[in-house]
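Visitor: Return a 3D structure for these sequence lines:
(one chain, ligands or ions: 1)
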Amino acid sequence: MSSSVFSAAIDLGATSGRIILGTWANHRLTLNEVHRFPNTFRTLGAHDYWDLGTLWHEAQTGLRKAVAALPRGAKLASVGVDTWGVDYALVNDAGRLVFPVHAYRDARTQAGLRRLGNTRAALERVYAATGIPNVFYNTSLQLEEVVAHCPAIEDLATRCLFLPDYFNFLLSGRMENELTISSTSQLIDVHSTNWSRATLDHFRLPPQWFSKPVLAGTKLSRVKNFPELAGAQVIAVPGHDTACAYDAMPASPDGTDLYISSGTWSLVGFESDTPVLGPAALAARVSNERIGDGRYRPLTNVIGLWLLEGTLKDFASRPTSDKEWATLIATAEKLSAPTALLDVADPAFANPPSMRAAIDSQLKRRKIPAPKNLTGYTRLICDSLGRGHADAMRAFEKMTGKIFRRILIVGGGSKNRLLCQATANAAGLPVVSFSLEGTAVGNLASQLIALRAVKDLATFRRHLGAELKQTVYAPRS
Ligand code: LFR
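Guide: Just a heads-up that it's a prediction; the model follows:
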């Protein structure tokens, strides 16, 4: 056992969180999901908030379970945290929360979204400076609203920590902004790895709230105030879950793979040494988020399985076990292909009271009959997402001159045969799906590299690729 390395990944998603104990031995990573729990935001009055106390409680429970799952005498070497993008905690110098933590689907950014969207010159300036398009959830718009409507916050808060940064602080006592999660804010300079002063000024945000981002792999300190974990290093992994998922892609080194991290959102993109900018990129809403090492992940955010998760809530007959899921997908596969697909970019799908009603109203507007049952909606949603993935791919090909040869899918959607096949059909390319918790694997990879148990990411991917089970979906017309 002496050559094994044990690390824990805290991997928090908008609809579920998990703590995974990773064991690295003989060039092989084994995962043990020691704890999983549902996550949701809560609505108070007109606003949406995360329940941070519950998230931290669940993270601690998971870490205790990870320690309990270690072989006798073994020690946890490190822990790392990744979460969904954009959300943040405002704290004072002592680390006290001075403002409730909003959830990114909160509608309070709508006015700012429209304002920036309607001001062509400002929109172009912000995009040229940050490489991030104008999306309702951006931290920039969220903070702009808070500073404008609760001005006393400028006296109370001294730091803005993104959620992984905040959990790293609880674990280590150190306040840092990590680059990948910072890059989701629309406030990082696209040509450096620091904040864009012009953009902070544009949104009227106090620059002192932010510190120069650290790169993934930075060792923050040993775990504090958590005796069971004494000695373990807190490592700033790529704090953004999508950055972790992209790191975990067993991609071919020649750069011809398109990546999809498929979960609540579908993040369709690739890795690049340079950002994709300019009017076409702005129109296609290309988001130049950052990789742990500072390079770029140009990607398009397609609405993702949020559409299906939301629709399921409207059906009492929704599946509750893996077996029922398999039956739903198998029955939906047998239906004939829908004659018209959803426009998945419809802003009405962002956070509707009823997703089924939002879908029906788009269909009605376009004079298309609504599906009759859950099977019909499932088919329509998966085919429409497949088309959305293919459209994003073609837009990238057109903008960059790149030709993709395969599409790699990781995350929850990689298990959805209907979605993988629909993507292959619409793109005319093979889709390779990996049964892989990409976000947790990328999180662990960064820790193992920081601990020098693995040389670098290329080496990690080579070992991972050799082990992984993959399913290939050939395109059908
Ligand atoms: C996926 C994700 C996406 C981001 C969205 C909102 O979990 O992190 O990358 O655009 O959530 O933060």
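Visitor: Could you report the neighbour count for Ala245?
Guide: By other C-beta atoms under 10 Å, the residues close to Ala245 number 29. All C-beta atoms are positioned from the backbone trio N, CA, C, and that covers glycine.
Visitor: Test my guess that it contacts Ile409.
Guide: No - taking contacts as C-beta atoms under 8 Å, Ala245 lies outside contact range of Ile409: 10.2 Å.
Visitor: Backbone dihedrals for the residue in the stretch 251-400 of the chain that the ligand sits nearest to, please?
Guide: As assessed by C-beta to the nearest ligand atom, the ligand sits closest to Trp265 within the stretch 251-400 of the chain, at 4.5 Å. When read as degrees, to the nearest 10, the backbone of Trp265 gives phi -110, psi 160.
Visitor: could you measure it against Asn138, distance?
Guide: Distance, Trp265 to Asn138, using C-beta to C-beta, to the nearest Å: 14 Å.
Visitor: Who has more neighbours out of those two?
Guide: Using other C-beta under 10 Å, the more surrounded residue of Trp265 and Asn138 is Asn138, with 27 against 23.
Visitor: That one and Arg108: what is the separation?
Guide: Separation of Asn138 from Arg108 (C-beta to C-beta) stands at 12 Å.
Visitor: shared neighbours of those two, anything?
Guide: Overlap of the contact sets of Asn138 and Arg108 (by C-beta atoms under 8 Å, 6 or more residues apart in numbering) is empty.
Visitor: helix, strand or coil for the closest residue to His102 other than its chain neighbours?
Guide: Excluding the flanking residues, the one nearest His102 by C-beta to C-beta, 6 or more residues apart in numbering is Tyr49, at 5.8 Å. Tyr49 falls in the strand class when you classify it by DSSP: H, G, I helix; E, B strand; the rest coil.
Visitor: count of residues packed around Tyr49?
Guide: Residues lying near Tyr49 (other C-beta under 10 Å) number 15.
Visitor: Please report how far it lies from the ligand.
Guide: 15 Å (C-beta to the nearest ligand atom, to the nearest Å).
Visitor: residues in contact with that residue?
Guide: Counted by C-beta under 8 Å, 6+ apart, Tyr49 has contacts Phe41, Arg42, Thr43, Pro100, Val101, His102, Ala103, Asp106.
Visitor: How about Ser384?
Guide: Shown in contact with Ser384 (C-beta under 8 Å, 6+ apart): Leu307, Pro338, Leu341, Leu342, Asp343, Val344.
Visitor: Can I take it that the fifth one is in a strand?
Guide: Spelled out, it's Asp343. No - under three-state DSSP, Asp343 sits outside any strand and is assigned coil.
Visitor: what pLDDT does it get?
Guide: pLDDT recorded at Asp343 is 96.
Visitor: for the one 4 residues further on, same thing?
Guide: Each residue has a pLDDT score; the one for Pro347 is 91.
Visitor: avg pLDDT for stretch 213-229?
Guide: Here the average pLDDT along stretch 213-229 is 96.
Visitor: measure that stretch end to end?
Guide: Stretch 213-229 has an end-to-end distance of 26 Å (C-alpha to C-alpha, to the nearest Å).
Visitor: For it, what is the distance to the chain centroid?
Guide: 22 Å (C-alpha atoms, centre = their mean, to the nearest Å).
Visitor: Regarding Ala59, what is its secondary structure?
Guide: helix.
Visitor: what do you get for Pro353?
Guide: Criterion first, three-state DSSP; result for Pro353: coil.
Visitor: Flag the shaky bits of the protein, pLDDT-wise.
Guide: 1-2 (pLDDT under 70).
Visitor: For the residue of it found nearest the ligand, grab the count of nearby residues.
Guide: Relative to the ligand, the nearest point of the chain is Gly85 (3.1 Å; C-beta to the nearest ligand atom). Using other C-beta under 10 Å as the criterion, Gly85 is surrounded by 29 other residues.
Visitor: Can you tell me the SS state at it?
Guide: Once three-state DSSP is applied, Gly85 turns out coil.
Visitor: Please list all residues in contact with it.
Guide: Tyr104, Tyr137, Ile181, Thr184, His240, Asp241, Thr242, Glu289.
Visitor: Next to the ligand, which bits of the stretch 101-250 of the chain? Give me the list.
Guide: Contact residues, the stretch 101-250 of the chain versus the ligand (C-beta under 6 Å from any ligand atom): Tyr104, Tyr137, His240, Asp241, Thr242.
Visitor: between those, which is nearest Ile188?
Guide: His240 (11.7 Å; C-beta to C-beta).
Visitor: if I pick that closest one, what's in contact with it?
Guide: Neighbouring residues of His240 by C-beta under 8 Å, 6+ apart: Asp82, Thr83, Trp84, Gly85, Pro164, Thr180, Ile181, Ser183, Thr184, Glu289.
Visitor: Confirm that the last one lies within a strand, as I assumed.
Guide: So that's Glu289. Yes - remark: Glu289 belongs to a strand, assigned using three-state DSSP.
Visitor: Could you shift the numbering so residue one becomes 269, and keep it that way?
Guide: Got it, the first residue is 269 from now on, which makes the last one we talked about Glu557.
Visitor: where do the helices sit along the stretch 319-468 of the chain?
Guide: Remark: helices assigned in the stretch 319-468 of the chain by DSSP state H, counting those that start in this stretch are 320-336, 378-385, 388-398, 407-417, 421-424, 431-440, 447-450, 465-470.
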